[in-house]
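Engineer: Next one to model:
(one chain, ligands or ions: 1)
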Amino acid sequence: MAILISGASIAGLSAAQRFAALGAEVTVVERAPSLRRHGAPIDVRGDALDVAARMGIRDALVAHETGAAQRTAFTHLVDAEGVRVGTLPTELPQLSSDDLELFREDLIDILYGSVDPKVTFVFEDSIQELTDTGAAVQVRFASGRTGSYELLIGADGIHSTTRRLLFGPERRYRRHLGVYYGILSFPDELGADGETYVYSEPGRSALISDYARWTGGGFTFLSPEIPHDYHDVEQQRQIVLDAYSEVRGWKIPEMLEALKNSGDFYFDSASQIHMDGWSRGRVVLLGDSAFAPSFFSGQGTPLAMIGADILAAEWASCEGDLEKAFGRYEEAMRPLVSVAQDGVPEARDRVVPASWEAIEERNRQWPPKLD
Ligand SMILES: Cc1cc2nc3c(=O)[nH]c(=O)nc-3n(C[C@H](O)[C@H](O)[C@H](O)COP(=O)(O)OP(=O)(O)OC[C@H]3O[C@@H](n4cnc5c(N)ncnc54)[C@H](O)[C@@H]3O)c2cc1C
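Structural biologist: The predicted structure follows:
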């Protein structure tokens with residue numbers, strides 16, 4: 001069985017691992033020239049830890065834990081002078097507290113290292129055209145190469161090309177939650193006390209997390225949709241600089257300087273993907289492309305891993321009946337996705353209050369914790 005996976009991030013690597021372990025002949029195509037490893041630390045939690053155990057990587061995840069899970073359950077809210085004015089829980093209450101926090105690069109490396117060496121990775125290429133003949137999916141890549149696969153898994157993220165080619169334009173499925181976010185590394189001297197700090201002005205909240213190995217964080221801001229090129233990092237950088245052009249409190253000027261020179265800036269809208277169905281014929285979507293819960297949920301990574309595990313297991317047990325396998329995958333995943341997607345607007349309003357009144361109200365509700 002020749003399987004093509006579009007996207008080599010959490011969902012794509014997890015799927016490559018699980019399908020190859022079940023004997024499939026897997027090719028992964030990734031648009032970027034190499035694995036995209038940067039980003040803020042992420043949590044692997046709940047059922048995703050069982051998936052990690054089945055993948056044989058749980059011990060490696062434990063060994064690479066940032067060790068900050070307890071600490072990052074809270075962030076300190078500060079005023080323009082850096083004085084602590086509140087303490088916010090960063091986690092949604094409905095999430096499992098059984099979790100491991102990892103640097104994104106470590107998780108990507110561990111997942112990649114666990115994939116069978118027989119899996120073929122093709123970088124700097126992308127699906128351009130696909131035709132499902134019923135017997136196979138015929139693919140033409142941007143490079144001009146062609147291929148024929150019995151199954152195509154679209155694990156190409158929130159702006160999925162696979163989804164667009166098969167299900168139509170992104171605007172039908174993506175719900176912008178009214179917030180943009182940009183994540184990057186900061187110079188170590190901007191961090192403090194090994195803690196996470198957030199400074200808010202109306203519709204703008206900036207964050208710095210201080211880890212021993214990495215200081216980073218980013219900018220969030222309220223905004224309606226801003227049409228832009230998802231691949232143009234300079235344009236995205238300018239969008240954030242414009243959004244913060246009048247914000248001067250706390251460490252914002254130094255953070256903006258760091259943004260101008262950042263080599264690992266990641267920007268996107270906080271969005272969710274909502275679809276009535278995640279498959280058609282021999283093509284199925286996985287991870288953010290199918291069911292992104294958004295940056296605020298803390299659940300995108302665990303859901304991608306769990307989804308890959310369930311999809312592979314159902315594929316193996318349904319012996320070629322893809323419709324049945326995809327139906328069972330969706331049935332198992334839908335309740336988990338609903339839990340992850342619900343509650344996000346409330347988290348958003350806490351993190352990025354829209355007015356000074358809302359900021360003060362939030363700080364009153366979440367008073368500073370005494371050390
Ligand atoms: C570099 C990076 C940094 C991130 N940082 C954060 C963060 O700090 N906080 C956070 O909450 N979430 C972050 N995310 C998103 C997070 O990884 C996902 O929400 C979650 O892990 C689900 O993963 P996914 O594999 O479904 O999607 P993603 O992680 O978005 O991965 C999609 C992959 O598909 C690739 N791709 C896209 N289009 C194509 C195409 N046409 N052909 C081939 N490949 C394609 C992308 O390059 C990417 O590698 C980041 C994603 C990336 C790629």
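Engineer: All the helices of the stretch 1-150 of the chain, in order from the start?
Structural biologist: 10-21, 47-55, 58-63, 104-114 (DSSP state H, counting those that start in this stretch).
Engineer: Need the winner for burial among the ones you listed.
Structural biologist: Mean neighbours per residue, mean count of other CB atoms under 10 Å, is largest over those for helix 10-21, with a mean of 27. All C-beta spots, glycine's among them, are computed from the backbone N, C-alpha and C.
Engineer: Could you check how far the residue of the stretch 151-300 of the chain at minimum distance from the ligand is from I239?
Structural biologist: Per CB to the nearest ligand atom, G287 is where the stretch 151-300 of the chain lies closest to the ligand, at 2.4 Å. Applying CB to CB, to the nearest Å, the value for G287 to I239 is 25 Å.
Engineer: Between these two, point out the one with more neighbours.
Structural biologist: G287 (29 against 19; other CB atoms under 10 Å).
Engineer: excluding its backbone neighbours, what's nearest the more buried one?
Structural biologist: Nearest non-adjacent residue to G287, counting by CB to CB, 6 or more residues apart in numbering: A11, 2.7 Å away.
Engineer: ok, that neighbour - contacts?
Structural biologist: A155, G157, L286, G287, D288, S289, A304, M305, G307, A308 (CB atoms under 8 Å, 6 or more residues apart in numbering).
Engineer: from those, which is closest to E330?
Structural biologist: G307 (9.6 Å; CB to CB).
Engineer: mind checking which helix or strand the closest one is in?
Structural biologist: helix 300-317 (DSSP states H and E).
Engineer: wait, does that helix contact the ligand?
Structural biologist: Yes. Using CB under 6 Å from any ligand atom, helix 300-317 reaches the ligand at G300, T301, A304.
Engineer: and A258, that's in a helix?
Structural biologist: Yes. With DSSP: H, G, I helix; E, B strand; the rest coil as the criterion, A258 is part of a helix.
Engineer: residues near it, how many?
Structural biologist: A258: 20 surrounding residues under other CB under 10 Å.
Engineer: wait, isn't R174 in contact with M275?
Structural biologist: No. Using CB atoms under 8 Å, R174 is not in contact with M275; the gap is 9.9 Å.
Engineer: mind giving me a markdown table with the helices of the stretch 1-150 of the chain and columns for distance to the ligand and mean pLDDT?
Structural biologist: Converted to a markdown table, the helices of the stretch 1-150 of the chain look like this (distance: least, CB to the nearest ligand atom, whole Å; pLDDT from 0 to 100):
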| stretch | distance to the ligand | mean pLDDT |
| --- | --- | --- |
| helix 10-21 | 3 | 98 |
| helix 47-55 | 11 | 96 |
| helix 58-63 | 14 | 95 |
| helix 104-114 | 6 | 98 |
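Engineer: wait, which of those is closest to T131?
Structural biologist: Taking the helices of the stretch 1-150 of the chain one by one with CB to CB, helix 10-21 is closest: 21.6 Å.
Engineer: what's the closest of the contacts of A11 to R334?
Structural biologist: Distances from R334 to those, taken by CB to CB, are shortest for G307, at 10.8 Å.
Engineer: Isn't the closest one up against L285?
Structural biologist: No. The pair formed by G307 and L285 falls short of the contact definition of CB under 8 Å, at 9.3 Å.
Engineer: Name the helix or strand for E361, please.
Structural biologist: Per DSSP H and E, E361 falls inside helix 356-365.
Engineer: Run the chain-centre distance for that helix.
Structural biologist: Centroid displacement of helix 356-365 relative to its chain, using CA atoms, centre = their mean, to the nearest Å, is 29 Å.
Engineer: Identify each buried residue in it, please.
Structural biologist: A358, I359, R362, N363 (16 or more other CB atoms under 10 Å).
Engineer: Just name the closest of the residues you listed to the ligand, please.
Structural biologist: Nearest member of the buried residues of helix 356-365 to the ligand, counting by CB to the nearest ligand atom, is R362, at 21.2 Å.
Engineer: out of all of them, which strand in the chain is the longest?
Structural biologist: strand 174-185 (DSSP state E).
Engineer: Give me the sheet partners of that strand and which way each runs.
Structural biologist: strand 215-222 (antiparallel), strand 266-273 (antiparallel) (DSSP bridges).
Engineer: Now the first one - C-alpha only, CSV.
Structural biologist: This file holds the C-alpha atoms of strand 215-222, laid out as CSV (Å, rounded to 0.1, in the frame of the first residue of the first chain):
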residue,chain,number,x,y,z
THR,A,215,13.9,32.7,26.2
GLY,A,216,11.0,33.4,24.0
GLY,A,217,7.3,34.3,23.7
GLY,A,218,5.5,36.6,21.4
PHE,A,219,2.8,39.1,20.6
THR,A,220,-1.0,38.6,20.3
PHE,A,221,-3.4,41.2,19.1
LEU,A,222,-7.1,41.5,18.3
